[in-house]
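1. got a predicted structure here, sequence first:
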Amino acid sequence: MEELPPKSEFPKFHPVKFVSRLFNRVKAPPSNLGKTFWQIFSVIIISSFFGFAGGLISSDYLAPQLKDYFSKIVTSVPATNNNQTATAYIPQTTEEKSVIDVVKETSPAVVSIIVTKDLPVIEQYYINPFPDFPNFNFQIPQYRQKGTQEQEVGGGTGFIISEDGMILTNEHVVTDKEADYTVLTNDGKKYPAEVLARDTARDLAVIKIKGAGTSFPTLNLGNSDNLQIGQTIIAIGNALGEFRNTVSVGVISGLGRTITAGGGGVVETLEDVIQADAAINRGNSGGPLLNLKGEVIGVNFAMAQGAENIGFAIPINRAKKGIEQVKTLGKIVYPFLGVRYALINDAVQQENKLAVNYGAWVAKGSQGEPAVFPGSPAEAASLKEGDIILEFNGEKITTDNSLAKTIGEYNPGDKVTLKILRGREEKIIEITLGEKSE
């Protein structure tokens, strides 16, 4: 075998001279065919040369730097397992971030309210109705009480409004005076609670955790007088009495609504309430309706049957006075006039042939209840069925400015004047508002 010459004897490779020779070969091709061949051949050789040169540069210079760069990225990603994502979720919009932040901040102050009661335990047994005929084996089932047992009979939601454990909820959540109430916080702790005050007119109630000896997180109360339709809202509540602190998000879809709500054999009409499209389910009653600042703007209390995502909340400003009264007086009191009425609009005027298309028409209740409450300030001032209250202390009564809404701005004992229409005659009547509480 022929020996290879020493390494030093190999001719040196000069890239510039090599390329120059290639171009010289192309300058004088033997023919047109040869010219085409050599052009293609030159392109292939030149491309291969630059590819070879690029590879040398990449391997000697770029590769180590890229290796260091990617190694830093890999080491910056935390280790993961099947139950944990690599990094925390990053909100994609400002609104989404606001919702997440509000839920984290407010959830500890939202509680579930469990209603329990001692109920009779009924057992079944059998008797033979023909004891004189022992061979006639005929058994009839009978039932009898075998003591009592505490059972869960209802539930709802509330939110903490003072560090010592005062909670705002709906009156219909804690309406049973014979029941016991337990507060379940978001961290799973249970506390007994007592009802401090009930406001049946506004469907609000204040309860308090008993003997906790600790400081609780609270929610800030916002201003429900400057709400806007389309404003983003968040509802938190004990959905279906089973899913604690369920969150739903939506917008305010209506303001100033008047609705009639029923449940547990009680039917009530509430005016000037908030309509929201955030899901409010059974068990959400008493939970907070929040804005994107984390402030309570309403108290969820009802949903529309036969509809999807139409819920209602009581404006929080209607609860503020009651909260302060509980703190100072130990009860909720509100001004009382003592009439049942229907608000007049164009349709009511035409249907009943009334003289005006506005005002509060004093009328009997749907079940025949008297139009004027016996012993009320209205009776003392000689208001009668059929009277139309046109103005309350100078404010015109309309469907947008109802009598109940107007009265709510006053206190028991305030003296006011009413402009009424009796038949075709207008009268001015002075009345001192009474006091009503639970």
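-> Everything's here; your move.
2. and the residue most central in space within the chain, what does it touch?
-> Geometric centre of the chain, nearest residue: residue 235, 0.5 Å, by Cα atoms, centre = their mean. Going by Cβ atoms under 8 Å, 6 or more residues apart in numbering, residue 235 touches 247-250, 276, 278-280, 284, 287-290, 300, 311, 313. From N, CA and C alone the C-beta is placed, and that goes for glycine too.
3. between the residues you listed, which sits nearest residue 97?
-> For those, the closest approach to residue 97 (Cβ to Cβ) belongs to residue 249, at 12.8 Å.
4. neighbours around the closest one, how many?
-> Using other Cβ atoms under 10 Å, residue 249 has 18 neighbouring residues.
5. can you say which helix or strand has the residue nearest to the centre of the chain in it?
-> Applying DSSP states H and E as the criterion places residue 235 in strand 232-239.
6. contacting residues for residue 285?
-> Taking Cβ under 8 Å, 6+ apart, we find residue 285 in contact with 156, 157, 169, 170, 172, 173, 237, 300, 301, 302.
7. I meant to write residue 255 there.
-> 227, 229, 274, 275.
8. now do the same for the residue nearest to the second one when sequence neighbours are not counted: helix, strand or coil?
-> Across the structure, with Cβ to Cβ, 6 or more residues apart in numbering as the measure, the residue nearest residue 229 apart from its sequence neighbours is residue 252 (5.5 Å). Classification of residue 252 by DSSP: H, G, I helix; E, B strand; the rest coil places it in strand.
9. got the CA positions of the host helix or strand of residue 208 in PDB?
-> Under the criterion of DSSP H and E, residue 208 resides in strand 204-209. This file holds the C-alpha atoms of strand 204-209, laid out as PDB (Å, rounded to 0.1, in the frame of the first residue of the first chain):
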ATOM      1  CA  LEU A 204     -82.700  42.300  54.300                       C
ATOM      2  CA  ALA A 205     -81.500  40.900  57.600                       C
ATOM      3  CA  VAL A 206     -78.400  41.300  59.800                       C
ATOM      4  CA  ILE A 207     -77.100  38.300  61.800                       C
ATOM      5  CA  LYS A 208     -74.000  38.000  63.900                       C
ATOM      6  CA  ILE A 209     -71.500  35.200  64.600                       C
END
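10. tell me which other helices or strands it touches.
-> Helices and strands touching strand 204-209, by 3 or more Cβ pairs under 8 Å, 6 or more residues apart in numbering; DSSP states H and E, are strand 166-169, strand 180-184, strand 190-199, helix 317-329.
11. so how far is the helix or strand following that strand off the chain centroid?
-> Counting by DSSP H and E, the element after strand 204-209 in chain order, helix or strand, is strand 220-221. Between the centre of strand 220-221 and the centre of its chain there are 15 Å (Cα atoms, centre = their mean, to the nearest Å).
12. follow-up on the earlier one: what residues of the strand holding residue 208 count as buried?
-> Across strand 204-209, burial judged by 16 or more other Cβ atoms under 10 Å covers 204, 205, 206, 207, 208, 209.
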